[in-house]
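Asker: Sequence and predicted structure are below.
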Amino acid sequence: MEKVAMEGYTFVDGGVCAAKGFRAGGVYCGIKDNPDKKNDLMVVAADAMCNAAAVYTQNKVKGAPVLVMKKHLKATCGKTMAVVANSKNANTCNADGEEKAEAMCALTAKELGVKPEEILVMSTGVIGQILPIEPIQNALPALCRNLKASAEGAHEAAVAIMTTDTFAKEIAVEFSLGGVTCHLGGMAKGSGMIHPNMATTLNCITTDAAVPAELLQKALSDVVKVTYNCLSVDGDQSTNDTCLLMASGAAGNPEVAADSAEYTVFRNALYCVMMNLTRMLAYDGEGATKLLECKVSGAKDLDTAIVVAKSVVCSPLLKCAMFGADANWGRVLCAVGYAPAEFDINQVAVTLASRAGSVDVCRNGAGIEFSEDIAKKVLLEDEIEILVSIGDGPAAATAWGCDLTYDYVKINGDYRS
């Protein structure tokens, strides 16, 4: 799939290691039997203590790593040295969950020569299974010795957090702050059990810009609202959702101040990376064949636009229609209509678009004549835009999702095996 560029931001290689001051790596440690020996343990480490911010799942059931990460960031006042993460096992709903998460931090801290509370932890995989600590303990010494400040190290780490993902999700951008070249890169995992609200998946984002922890948190929380929180694959919100943002300051720019032009530049860099990662996550939804992007315009405010856009991409019937390349626009209007927002349904217009062209299917809240053949051609593409206008207001928003296919049921029918 194509990256979506933004003016002033240049895509570069390196993922989480594009930013100066970070090293990463991943290995197969054997948490689960895996004939392909795909990486299942990773570490992203800073060269020195760095500022950090995070957002987490809003599910009442929270994985032990989420609880431990929150505790550690509070203890260090928003600073960290590294994050350790595993796949295959979520370490959730286990009596010894927090003990195991703390152990992962302590083991990593020992290898890096820092304090346990300076290490953060994430896990993803099956819920309710005891996490074996021995494979992690055995693999961490070599993993920490061989961390690399390179695209290779970043990719090893990105692969290690994959579960049913079909490809590693990485991106990085270069931009200027106060005349100094800075970088911001990220990696994400997620294919199923993805639904707002935050954080939807496991995500690790790094930057070498100098940004205080409180501004990192503000930027992350703001951008999450219009990216990951506007993403849904299947309507199931994970227990382990986490998005971590770390800033090394190694680029050497003057520290970003609140309400400054530099803060806006930094926030937009964060948006560019997180928006593209969101698109990758939607594109790689379990069993998906199409990325769905619903763009709502004409709303009275941002919250209204977000609610309507999310309502459309979350509709199972609409997702099925997109799988079948069926221009059943009534399912769009139905989803718009049950969105918990106030607007005039008689002003709603709908257009379906893709690389193959576009077709108007609804105006003033009612259907209009259109060519089914052209619509079919539009909807056979693997990236579909659903353009919805709900009036003449100033606000707009985008939500991302995917089609619902036979393979989604197959994947989740034997997920544990």
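Answerer: Happy to help now that I have it.
Asker: Residue 111 reaches residue 144, doesn't it?
Answerer: Yes - in this structure residue 111 lies within contact range of residue 144 using C-beta atoms under 8 Å: 3.7 Å. Heads up, the C-betas are built off the backbone N, CA and C, glycines and all.
Asker: next one: whichever strand or helix holds residue 374 to chain centre, how far?
Answerer: If you go by DSSP states H and E, residue 374 is part of helix 372-379. Distance of helix 372-379 from its chain centroid, counting by C-alpha atoms, centre = their mean, to the nearest Å, is 31 Å.
Asker: And it, what's buried?
Answerer: 375, 378-379 (16 or more other C-beta atoms under 10 Å).
Asker: ok, now stretch 36-48?
Answerer: 39-46.
Asker: what do you get for stretch 147-167?
Answerer: Result for stretch 147-167 [16+ other C-beta under 10 Å]: buried residues 147, 149-151, 153-165.
Asker: Which of these fall in strands?
Answerer: Using DSSP state E, no member of the buried residues of stretch 147-167 falls within strands.
Asker: packing partners for the lengthiest strand in the chain?
Answerer: If you go by DSSP E, the chain has its longest strand at strand 41-56. Judged by 3 or more C-beta pairs under 8 Å, 6 or more residues apart in numbering; DSSP states H and E, strand 41-56 is in contact with strand 22-27, helix 64-75, strand 79-86, helix 134-145, helix 151-160, helix 213-226, strand 242-247.
Asker: when you compare where it runs with where strand 22-27 runs, what's the angle?
Answerer: Between strand 41-56 and strand 22-27, the angle comes out at 120 degrees (axes from the mean of the first three to the mean of the last three C-alpha atoms, to 10 degrees).
Asker: Show me how far strand 41-56 is from its chain's centre.
Answerer: 16 Å.
Asker: For that strand, which strands pair with it and how are they oriented?
Answerer: strand 22-27 (antiparallel), strand 79-86 (antiparallel), strand 242-247 (antiparallel) (DSSP bridges).
Asker: Tell me where the chain is predicted with low confidence.
Answerer: 35, 191-200, 233-240, 411-417 (pLDDT under 70).
Asker: Quickly list the domain ranges of it.
Answerer: Per the record, the chain has its domains at 10-283, 291-413, by automatic domain parsing.
Asker: Mind putting the ones you listed into JSON lines with distance to residue 2?
Answerer: Shown next, in JSON lines, are the domains of the chain (distance: least, C-beta to C-beta, whole Å):
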{"stretch": "domain 10-283", "distance to residue 2": "9"}
{"stretch": "domain 291-413", "distance to residue 2": "8"}
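Asker: Return the most buried member of those.
Answerer: Mean neighbours per residue, mean count of other C-beta atoms under 10 Å, is largest over those for domain 10-283, with a mean of 21.
Asker: Ends of that one, what's the gap?
Answerer: 22 Å (C-alpha to C-alpha, to the nearest Å).
Asker: what's the first-to-last distance across stretch 228-241?
Answerer: 10 Å.
Asker: rewinding a little: who does the helix holding residue 374 touch, helix- and strand-wise?
Answerer: Applying 3+ C-beta pairs under 8 Å, 6+ apart, one finds that helix 372-379 contacts strand 349-354, strand 357-363.
Asker: Show the subsequent helix or strand relative to it.
Answerer: strand 383-389.
Asker: Now find how far off-centre that following strand is within its chain.
Answerer: The answer for strand 383-389 is 21 Å, by C-alpha atoms, centre = their mean.
Asker: Equivalent analysis for stretch 294-313, please.
Answerer: 20 Å.
Asker: hmm, who's touching that stretch?
Answerer: 196, 225-226, 229-230, 232, 292, 318-319, 332, 335-336, 338-343, 347, 385-401 (C-beta atoms under 8 Å, 6 or more residues apart in numbering).
Asker: hey, C-alpha coordinates of it in PDB?
Answerer: The C-alpha trace of stretch 294-313 is given here as PDB (Å, rounded to 0.1, in the frame of the first residue of the first chain):
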ATOM      1  CA  CYS A 294     -14.500   7.000   5.500                       C
ATOM      2  CA  LYS A 295     -14.100  10.700   5.100                       C
ATOM      3  CA  VAL A 296     -16.800  12.800   6.700                       C
ATOM      4  CA  SER A 297     -17.100  16.500   5.900                       C
ATOM      5  CA  GLY A 298     -19.600  19.300   6.600                       C
ATOM      6  CA  ALA A 299     -19.900  18.500  10.300                       C
ATOM      7  CA  LYS A 300     -20.600  21.200  12.900                       C
ATOM      8  CA  ASP A 301     -17.600  20.100  15.000                       C
ATOM      9  CA  LEU A 302     -14.800  17.500  15.000                       C
ATOM     10  CA  ASP A 303     -16.500  15.100  17.500                       C
ATOM     11  CA  THR A 304     -19.600  14.900  15.200                       C
ATOM     12  CA  ALA A 305     -17.400  14.100  12.200                       C
ATOM     13  CA  ILE A 306     -15.500  11.400  14.100                       C
ATOM     14  CA  VAL A 307     -18.600   9.700  15.400                       C
ATOM     15  CA  VAL A 308     -20.200   9.500  12.000                       C
ATOM     16  CA  ALA A 309     -17.100   8.300  10.300                       C
ATOM     17  CA  LYS A 310     -16.500   5.600  12.900                       C
ATOM     18  CA  SER A 311     -20.100   4.500  12.600                       C
ATOM     19  CA  VAL A 312     -19.700   3.800   8.900                       C
ATOM     20  CA  VAL A 313     -16.400   1.800   9.200                       C
END
